[in-house]
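Visitor: just to be clear, the model below is a prediction. Sequence and coordinates:
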Amino acid sequence: MSTLVHTTWSPVNMPSLPPELLLSILEFAIPPDAFLDSTVHSAPTTSWAYILRLKKTLLSVCKAWWSLFIPSLYHDIVLQGPNQILALARTIRHGHFDVAPLIKRIHLQCFLPFEQARIAFHELEYILHQAVGLGALIVGHQFMTTYSSESKGYQEKPVGVIKSLSLRLTKLEYRYDPVDQVNIFKPLLAIEFSLTSVASFSQLVSLAVPLSSQLATGLSRARRPSIAIQLHRLKELHVFCHMDAEFDVFDSWEMPCLKQLILTLHARLSLFDEENTMYQSFLMQHGGGIEYLDMSVTTRHTDFHHLWRSLDLCPKLRHFVIAIITVGVDALLMASLQHPVAHPSLLYVDIWADLEDDCFNLDFATRFLQQVRFFHVDLAHLLHLPRLFHPSMQLAEGEVLTHTLPTFRISQTRRRISIDYPIYTDDDPEDEDYVTDSDDSSDSDDESDVDDEDAEDDMYSLAGHSPSVRRNIFMIDPERGKIWYLS
């Protein structure tokens, strides 16, 4: 007589799961930080917002997981409004977890209305002082615009607070709105910023600054003092060049470790004409160690041959990034048939272009152009994509890798990196737990509520407006062999 054995399945005891397993789940769930740029420009919905939602979901599963998952949530903070500044300061003061040391990167992406500016600024000052582990600060255009209104009479200037971080920061960025290039310097002058302000940031590894004669020191060139700026650890420099950019301001800079240079050029500025010698002088002084040069963000057609000749000033250059609009299709055709470029170390050239252009049917004849990869311009919001998909990762002919992020996919072949937007139907399920900001009670300014529930509300308020997350979306990292499932 047979005996039926009944097996009883008990639910998983969440608090008893080993930390190693939980950290593995987190590692597989969260993609690399490089794909999570919190600045959206004209890009599709940023992956950062989706991943932030995912982090909060993991935290809401079980409070026993908080000590493991909270560092991931607070590692990268984006402040999009004054209420978020107040909520974060309240959490640091009264939260049950000491979250201030967990903050490694802050992006100031908020405009401060006049009636809230004073209290928000003082709370921001408190946050920056408490975040002893802070290594990266991004000052967005919206935040700087707060101080550009001459009629408002703002008394607080953030430059002093930022300077107090000079011995801690390894990354400092002053970002701007690319649509409003003409007016980016008025708010910078209003907050009393000048290029000499970075002189005390001796620990910087990465720096992004606008370049204009107005920002050199606030003085005319004749009255400009020669201030030595020693950035001996700086490896990456991103310069937003205005139409009156004067590269001689860098003559007094010492950047012996500079390896990566990114130039964003104003539409009316041409660095590559015979008359422009300041840019060449800059490369003669600082180009000796540059291995990566990105000149893709420009809308001006330049002298092709003069552009290539300037590369000789970077003898260690290995990776060069440009755009079709910079050199023109005709110039590429001439180079492929008549004018091979000789460079002692250049291995990789990436070109941003519209992949529907006829130039991609050309059979490039020279060794130089055979190493070219083409990136679709619709992916240009991922400025560092040529480095993220490093050309040293050779793909076989016909091999295709697909990297799927929320709202769009990236298709990678040996010669082309293109964008593909997935098509959703009305039947696709969405996250039924999503609520809008209007349903979030975390923006309260009452600092007397400090129990667990309010601390959790403050944590959740860091998200700002997070779009609903569609199911069945994967993110793939071919180098690490990982797949992320977003739900």
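Guide: It's in.
Visitor: hey, which helix is longest across the chain?
Guide: The helix that spans the most residues within the chain, counting by DSSP state H, is helix 114-130.
Visitor: following it, which helix or strand shows up next?
Guide: Moving toward the C-terminus from helix 114-130, the next helix or strand (DSSP states H and E) is strand 136-139.
Visitor: state the mean pLDDT of that following strand.
Guide: The pLDDT scores in strand 136-139 average 91.
Visitor: beyond that strand, next helix or strand please.
Guide: The helix or strand immediately downstream of strand 136-139 is helix 141-145, counting by DSSP H and E.
Visitor: using PDB, list the CA coordinates for that following helix.
Guide: Coordinates of each C-alpha in helix 141-145 appear next as PDB, following Å, rounded to 0.1, in the frame of the first residue of the first chain:
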ATOM      1  CA  HIS A 141      21.900  75.000 -14.200                       C
ATOM      2  CA  GLN A 142      18.600  75.200 -12.300                       C
ATOM      3  CA  PHE A 143      20.300  75.700  -9.000                       C
ATOM      4  CA  MET A 144      22.600  78.400 -10.300                       C
ATOM      5  CA  THR A 145      19.700  80.200 -11.900                       C
END
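Visitor: helices or strands up against that helix?
Guide: helix 185-190 (3 or more C-beta pairs under 8 Å, 6 or more residues apart in numbering; DSSP states H and E). Heads up, the C-betas are built off the backbone N, CA and C, glycines and all.
Visitor: tell me the buried residues in stretch 132-144?
Guide: Residues of stretch 132-144 classed as buried: 134-144 (neighbour count, 16 or more other C-beta atoms under 10 Å).
Visitor: cool, and stretch 344-351?
Guide: Neighbour-count burial for stretch 344-351 flags 346, 348-351 (criterion: 16+ other C-beta under 10 Å).
Visitor: end to end, how far does it reach?
Guide: Across stretch 344-351, the terminal residues are separated by 20 Å (C-alpha to C-alpha, to the nearest Å).
Visitor: now stretch 132-144
Guide: Start to finish, the residues bounding stretch 132-144 are 23 Å apart (C-alpha to C-alpha).
Visitor: repeat for stretch 103-116
Guide: 24 Å.
Visitor: list the contacts of that stretch.
Guide: For stretch 103-116, contacts defined as C-beta atoms under 8 Å, 6 or more residues apart in numbering pick out 38-39, 74-82, 84-85, 120-121, 124, 127-128, 131, 133-140, 142-143, 145-146, 149, 152, 154, 171.
Visitor: rerun at 6 Å
Guide: Residues outside stretch 103-116 that contact it (C-beta atoms under 6 Å, 6 or more residues apart in numbering): 38, 74-82, 120, 131, 133-140, 142-143, 145-146, 152.
Visitor: name the residues of that stretch that are buried.
Guide: For stretch 103-116, a neighbour-count test (16+ other C-beta under 10 Å) marks 103-112, 116 as buried.
Visitor: can you redo those as JSON lines with distance to residue 51?
Guide: Converted to JSON lines, the buried residues of stretch 103-116 look like this (distance: C-beta to C-beta, whole Å):
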{"residue": "103", "distance to residue 51": "17"}
{"residue": "104", "distance to residue 51": "16"}
{"residue": "105", "distance to residue 51": "14"}
{"residue": "106", "distance to residue 51": "17"}
{"residue": "107", "distance to residue 51": "14"}
{"residue": "108", "distance to residue 51": "20"}
{"residue": "109", "distance to residue 51": "16"}
{"residue": "110", "distance to residue 51": "20"}
{"residue": "111", "distance to residue 51": "24"}
{"residue": "112", "distance to residue 51": "26"}
{"residue": "116", "distance to residue 51": "29"}
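Visitor: ok, residue 68 to residue 402 distance?
Guide: According to C-beta to C-beta, to the nearest Å, residue 68 stands 31 Å off from residue 402.
Visitor: which one's more surrounded, these two?
Guide: It is residue 68, of residue 68 and residue 402, that has more neighbours when counted by other C-beta atoms under 10 Å, with 16 against 12.
Visitor: find the nearest non-adjacent residue to that one, please.
Guide: If the residues on either side of it in the chain are set aside, residue 68 comes closest to residue 22, at 5.3 Å by C-beta to C-beta, 6 or more residues apart in numbering.
Visitor: pLDDT score assigned to the one you found?
Guide: The model reports residue 22 with a pLDDT of 81.
Visitor: first-to-last residue distance for stretch 250-261?
Guide: Across stretch 250-261, the terminal residues are separated by 13 Å (C-alpha to C-alpha).
Visitor: pull out the buried positions in that stretch.
Guide: Buried, per 16+ other C-beta under 10 Å, within stretch 250-261: 250, 253, 255, 258-261.
Visitor: ok, those vs residue 204, which is closest?
Guide: In terms of C-beta to C-beta, no member of these lies closer to residue 204 than residue 255, at 9.7 Å.
Visitor: element containing residue 383?
Guide: Using DSSP H and E, residue 383 maps to neither a helix nor a strand.
Visitor: how much space separates it from residue 48?
Guide: For residue 383, the distance to residue 48 (C-beta to C-beta) stands at 15 Å.
Visitor: kindly report the same for residue 415.
Guide: 29 Å.
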